[in-house]
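Novice: what follows is a predicted protein model with its sequence.
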Amino acid sequence: VEITDASGYSGHADQVFAPRHEEEIAEILTRAGRQGVPITVMGALTGLAGGAVPRGGWAISMRNFQRLEVTDGAARVGAGVLLRDVQAAAAASGQFYAPDPTENGSSIGGNIAANASGSRSFRYGATRRHVRALRVVLADGRIVEYRRGTPVDFEIPQIPLPNVRKFSCGYRLEPGMDSCDLFIGSEGTLGVVTEAELALLPAPGEITGGIVFFRTEEAALDAVDRWRSTPGLRLLEFLDAHAMRVMELPHGAAVMLEWEGEADLDMSGALEEESWFGSSAADRERFRQFRHRLPERIHAHMRRLGLVVVATDYAVPLEHNRRMFHIYREILSENFGDRYVLFGHIGDAHLHSELLPASREEFERSHAVVTELARQVVALGGAVGAEHGLGKRKARLLHLQYSPQHIAAMRAVKQRLDPANLLGRGTLFEGPAI
Ligand SMILES: Cc1cc2nc3c(=O)[nH]c(=O)nc-3n(C[C@H](O)[C@H](O)[C@H](O)COP(=O)(O)OP(=O)(O)OC[C@H]3O[C@@H](n4cnc5c(N)ncnc54)[C@H](O)[C@@H]3O)c2cc1C
């Protein structure tokens, strides 16, 4: 069976299972253990890093895990439930599920496995912060529930963590960490998440949003720096000059923002007349869709050319945001002219770049270029994976982020939970050392 994720990366599974109960998963894992068959867990396949794409062996689709129960302050959610359904159920009860990866057709299991975030994590943090409990089937077939605070029952080494606001590159290891934190962001390599208890917040009062256009990128970057500390600001996103072209708009750059309550924003340098503002849920949805259309258009372009998506997902310490922007500009323009975009979560110093190569030859060069960008990110103290995970496509970057000793410490954790290395084989650990 051929399986492809949203980046266009494909592989195959010898067999695909769609279990309905944890016991079935336990049985599949035990059988796989006996026969030495690798297992890949699949959510909604909106990932961009190839983590859910098998390279042979068996695949487990989580689509039948559809429990969705909302109570006061929490939701009990099966791994296969789509983010948009959790958001809708929370809203229907006057509450709010804060994480908002713009791809709301992703599954909660996938969000947990990648520690997904999104634009509102500027205020509310990534998925990790909103998980209260997890149910997991382990490689040996045990079915466990971990609540927040359940200690990990073996010694966890300390690895240095980059000073960034978003993190999804390898295991986040800290002595004293709890078991939920071990599985969040582990990209399907330590166990199969079947269900989660997620925290819901009371729905905020009035929210105003907008897309503010600028004549130049520098004016937009100045506004970002001015607005970043505005009380109540919950979203601060950027679209560069090339993105304006892809979206067929005549402007130099755009900043998307949302704030709760009143805010007094200094609009100097903005094209205020041309900008869009609104405070209804429908307005905000329109802005979200506009922002989401940018990567979707690029992905469609890549599909037409038969190429996989080349998207970077690096974050740097806040103070290096502008420096990083200029490094992207310099290196990407030198290699690709204007055939790329810079966009995304600038409030968290986490811009994505995506390439629009004109030819296969140009595409071939992208590998070396995005690796060079990752080197620069690490030199600035940043993270080479912020919200998508490294999966298989970016596993090589783990070697840029960590020393061999730190990678060995992560592997020791993996070995402990999955001694035969069956879960998510090829993800995180099997990239060539660079
Ligand atoms: C247009 C577009 C925009 C996007 N924007 C964002 C964004 O703003 N923020 C963001 O964070 N991401 C974004 N993404 C990436 C993607 O949506 C996220 O990575 C999402 O979390 C993946 O969820 P999924 O259910 O599709 O997982 P999949 O792609 O199916 O799997 C992703 C990883 O999780 C593992 N996994 C899945 N389910 C489980 C489970 N139940 N137990 C254990 N492991 C599991 C898989 O093995 C794989 O390693 C975007 C993607 C697209 C296409």
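Specialist: Cool, got the structure.

Novice: going by C-alpha atoms from here, please, whenever you check contacts or count neighbours.
Specialist: OK.

Novice: which residues of the stretch 251-400 of the chain lie near the ligand?
Specialist: Contact residues of the stretch 251-400 of the chain with respect to the ligand, defined by Cα under 6 Å from any ligand atom, are listed as 295-296, 387-388, 391.

Novice: show me which of these are buried.
Specialist: Among these, those scoring as buried are 295, 387-388, 391 (criterion: 16 or more other Cα atoms under 10 Å).

Novice: dump the residues of the stretch 251-400 of the chain next to the ligand into TSV; add pLDDT as well.
Specialist: As requested, these are arranged in TSV below (pLDDT from 0 to 100):
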residue	pLDDT
Pro295	96
Glu296	95
Glu387	97
His388	97
Gly391	98
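
Novice: and the helices in the stretch 51-200 of the chain?
Specialist: Counting by DSSP state H, counting those that start in this stretch, one finds helices in the stretch 51-200 of the chain at the ranges 83-92, 108-114, 121-124, 179-183.

Novice: kindly export the first one (C-alpha atoms) in PDB.
Specialist: Pointing back at helix 83-92 there. The C-alpha coordinates for helix 83-92 follow below in PDB (Å, rounded to 0.1, in the frame of the first residue of the first chain):
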ATOM      1  CA  LEU A  83      -8.400  19.200  15.500                       C
ATOM      2  CA  ARG A  84     -11.200  21.100  13.900                       C
ATOM      3  CA  ASP A  85     -13.800  18.800  15.600                       C
ATOM      4  CA  VAL A  86     -12.100  19.400  19.000                       C
ATOM      5  CA  GLN A  87     -12.200  23.100  18.400                       C
ATOM      6  CA  ALA A  88     -15.900  23.000  17.400                       C
ATOM      7  CA  ALA A  89     -16.900  20.900  20.300                       C
ATOM      8  CA  ALA A  90     -15.000  23.200  22.700                       C
ATOM      9  CA  ALA A  91     -16.700  26.300  21.200                       C
ATOM     10  CA  ALA A  92     -20.100  24.700  21.400                       C
END
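
Novice: which elements pack onto that helix?
Specialist: Helix 83-92 sits against strand 68-71, with contacts defined as 3 or more Cα pairs under 8 Å, 6 or more residues apart in numbering; DSSP states H and E.

Novice: against the ligand, how distant is Glu273?
Specialist: For Glu273, the distance to the ligand equals 28 Å [Cα to the nearest ligand atom, to the nearest Å].

Novice: swap in Lys414?
Specialist: Following Cα to the nearest ligand atom, the distance that separates Lys414 from the ligand is 14 Å.

Novice: ok, that residue touching Thr189?
Specialist: Yes: the criterion here is Cα atoms under 8 Å, and Lys414 meets it with Thr189 at 7.3 Å.

Novice: compare these two (neighbour count), which wins?
Specialist: Thr189 (28 against 20; other Cα atoms under 10 Å).

Novice: residues touching the more buried one, list them.
Specialist: Applying Cα atoms under 8 Å, 6 or more residues apart in numbering, one finds that Thr189 lies in contact with 414, 418, 423-425, 427.

Novice: nearest to the ligand, of those?
Specialist: The shortest approach to the ligand among the contacts of Thr189 belongs to Gly424, at 6.0 Å (Cα to the nearest ligand atom).

Novice: burial count for the closest one?
Specialist: The burial count assigned to Gly424 is 28, neighbours taken as other Cα under 10 Å.

Novice: how near is it to Phe154?
Specialist: If you measure Gly424 against Phe154 using Cα to Cα, to the nearest Å, the figure is 22 Å.

Novice: how about TSV for the contacts of Thr189, with secondary structure and pLDDT added?
Specialist: Formatted as TSV, the entries for the contacts of Thr189 read as follows, by DSSP: H, G, I helix; E, B strand; the rest coil; pLDDT from 0 to 100:
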residue	secondary structure	pLDDT
Lys414	helix	97
Asp418	coil	98
Leu423	strand	98
Gly424	coil	98
Arg425	coil	96
Thr427	coil	97
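
Novice: residues in contact with the residue nearest the centre of the chain?
Specialist: Taking Cα atoms, centre = their mean as the criterion, Glu387 is the residue nearest the geometric centre of the chain, at 2.7 Å. With Cα under 8 Å, 6+ apart as the criterion, the residues that contact Glu387 are 114-118, 166-168, 313.

Novice: for Leu48, same thing?
Specialist: Going by Cα under 8 Å, 6+ apart, Leu48 touches 5-7, 309, 311, 388.

Novice: now do the contacts for the residue nearest to Pro175 when sequence neighbours are not counted.
Specialist: Counting by Cα to Cα, 6 or more residues apart in numbering, Pro175 lies nearest to Ile156, which is 5.0 Å off, once chain neighbours are set aside. Remark: with contacts taken as Cα under 8 Å, 6+ apart, Ile156 is in contact with 173-177, 413.

Novice: can you pull out the helices in the stretch 251-400 of the chain?
Specialist: With DSSP H, counting those that start in this stretch as the criterion, the stretch 251-400 of the chain has helices spanning 281-305, 321-336, 360-379, 398-401.
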